[in-house]
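> Generate a structure from the sequence data that follows.
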Amino acid sequence: MAQDILVNNQNPEADFDQKVMKAAVLYGKGDLRLEDVPIPEIGGTDVLIKVKYTAICGTDPHIYEGRFPAKLPLILGHEFSGEVVKVGSQVSFVQPGDRVTADINISCGTCYYCRHGQKLHCEKITQLGVHVNGAFAEYVRVPESNIHKLPESMSWIHGAYIEPLACAISGQDKADIQYGDTVAIIGGGPMGIAHALLAQLKGASKVILSELNPARIESAKNISVEYVINAGEEDPVEAVKRLTDGRGADVVIEAVGSAYTYAQTFKLVRKGGKILVYGAAPADVSIPVSPFEIYSRELTIVSSYAGTYDTFSKAIDLIASKRFDPTPILTNHFEFADVKEGIETAEHNKDILKTVVKISD
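Model prediction:
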């Protein structure tokens, strides 16, 4: 069998002889160039993927605008789907032709954190499109251990949504929503709406979402979020209290990442309730917190940074089963030639939800 695997792996390598690809390379703040670059060489445990679609994460504009530290030049992009075109000599999990996506978090596998199931805190972690070249390119190299297969029934564009959904699922797992819970979500962006839909699937009796942007408010209503609060017209704290007989929400999810809304979570949550720290606030932002309030009200505060491990499998199964349909969230579409415009649109047009870029046919 080992010999068969070696033969199967060697033939595709011999068949694939392309040397150059198109890639969107970031050289500095706002300096993104679509140019020809060498196709990545793969090692024995690597997989080369032809990228089909790449979605734009909030991190991408931050790196593009110079607000997130990254070593340049760099190919951005980490939310993607694609087809395997070449595998290393030791790869057995996938073969050319397989439809795949990837966990972007590449860890050493041997440090304390990796051995305790916390690869996100690996001492040598690298992330696709953040620390190493990513998927705004015709081809991307990924370790076999990070690959997740996609079913044939799943569209390429839905496959590019697996990574962000995995992130939301990781947060939901931490929040541990129970049947009948009231869940308050601050922020009606793509992740806030994903959390609202997941909370409904988890059995929440009431999902209350607060948002300022009128277009996103309408999007949330159209996607069947039952209680949508226009934070510009009604105080979200008063609205949540009104809908919970004055108690507050069982679970509060912050999906904005601002000091103001994080401070607001303590006013929205009931005694004995839970707060999920999800929105990525700037590193230098802080808020005053009362230890006595946390202690006396017996609050639980949990956080979630990214998806990994089984959250990818859960995301694939949810979309494949049609229990979660990301189509209404994927509101903006760009061709690869217009990727720069796509990133700038995602940064500056807050009426939209999620932007996806078609990389290849």
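
> bridging residues for Ala184?
Beta-bridge partners for Ala184, by DSSP bridges, are Ile208, Val252.

> Which secondary structure state does Val140 sit in?
At Val140 the chain is in strand, as set by DSSP: H, G, I helix; E, B strand; the rest coil.

> Low-confidence regions, the chain specifically.
1-14 (pLDDT under 70).

> 80 instead, please
1-15 (pLDDT under 80).

> Quick one: the helices in the chain, in order.
With helices called from DSSP state H, the chain shows them at 2-15, 59-64, 112-115, 156-159, 162-175, 190-201, 214-222, 236-243, 259-268, 291-296, 310-320, 339-348.

> counting contacts, what elements does the second one pack onto?
Where contact means 3 or more Cβ pairs under 8 Å, 6 or more residues apart in numbering; DSSP states H and E, helix 59-64 is packed against helix 339-348. All C-beta spots, glycine's among them, are computed from the backbone N, C-alpha and C.

> sorry, back to before: as TSV, the helices of the chain with distance to Ile49 and mean neighbour count would be great.
What follows is these, written out as TSV (distance: least, Cβ to Cβ, whole Å; neighbours: other Cβ atoms under 10 Å):
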stretch	distance to Ile49	mean neighbour count
helix 2-15	13	12
helix 59-64	18	21
helix 112-115	23	14
helix 156-159	11	22
helix 162-175	13	24
helix 190-201	24	24
helix 214-222	31	18
helix 236-243	42	18
helix 259-268	37	18
helix 291-296	45	10
helix 310-320	15	19
helix 339-348	18	19
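
> Ok, which of these comes nearest Leu76?
helix 59-64 (5.0 Å; Cβ to Cβ).

> quick one on the thing from earlier: would you mind giving the helices of the chain as TSV with distance to Ala281 added?
Formatted as TSV, the helices of the chain follow (distance: least, Cβ to Cβ, whole Å):
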stretch	distance to Ala281
helix 2-15	45
helix 59-64	12
helix 112-115	23
helix 156-159	30
helix 162-175	15
helix 190-201	14
helix 214-222	19
helix 236-243	18
helix 259-268	7
helix 291-296	18
helix 310-320	22
helix 339-348	17
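
> Please name whichever of those helices is nearest to His148.
helix 310-320 (4.8 Å).

> How far off centre is that closest one?
On the basis of Cα atoms, centre = their mean, to the nearest Å, helix 310-320 sits 13 Å off its chain's mean C-alpha point.

> what's it in contact with?
101, 103, 148, 150-151, 153-154, 158, 161-163, 165-167, 169-170, 173, 201, 307, 324-326 (Cβ atoms under 8 Å, 6 or more residues apart in numbering).

> in terms of contact, does Glu341 touch His333 like I think?
No: Glu341 lies out of contact with His333 (Cβ atoms under 8 Å); the separation is 11.6 Å.

> Out of the helices of the chain, the one nearest Ile229 is which?
helix 236-243 (4.6 Å).

> which other residues reach that closest one?
182, 184, 186, 206, 208, 210, 227, 229, 247-249, 264, 267-268.

> ok, so of those, who is nearest Ile39?
The closest of the contacts of helix 236-243, once distances to Ile39 are taken by Cβ to Cβ, is Ile186, at 43.0 Å.

> could you measure that closest one against Asn230, distance?
Using Cβ to Cβ, to the nearest Å, Ile186 is found at 13 Å from Asn230.

> residues shared between the contacts of these two?
Jointly contacting Ile186 and Asn230 under the rule Cβ under 8 Å, 6+ apart are Ser210.

> who's more crowded, these two?
Taking other Cβ atoms under 10 Å, Ile186 and Asn230 do not tie; Ile186 has more neighbours (28 against 15).

> what would the contacts of helix 236-243 look like in CSV with distance to Leu32?
Below are those laid out as CSV (distance: Cβ to Cβ, whole Å):
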residue, distance to Leu32
Thr182, 43
Ala184, 38
Ile186, 31
Lys206, 43
Ile208, 39
Ser210, 34
Tyr227, 40
Ile229, 37
Arg247, 48
Gly248, 44
Ala249, 41
Gln264, 35
Lys267, 41
Leu268, 39
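
> For PyMOL, write the selection for the buried entries among those residues.
A single PyMOL command is used to select the members of the contacts of helix 236-243 judged buried by 16 or more other Cβ atoms under 10 Å:
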select buried, resi 182+184+186+206+208+210+227+229+248+249+264+268
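
> that older thread, quick one: which of the helices of the chain is nearest Gly30?
Closest approach to Gly30 among the helices of the chain (Cβ to Cβ): helix 59-64, 6.6 Å.
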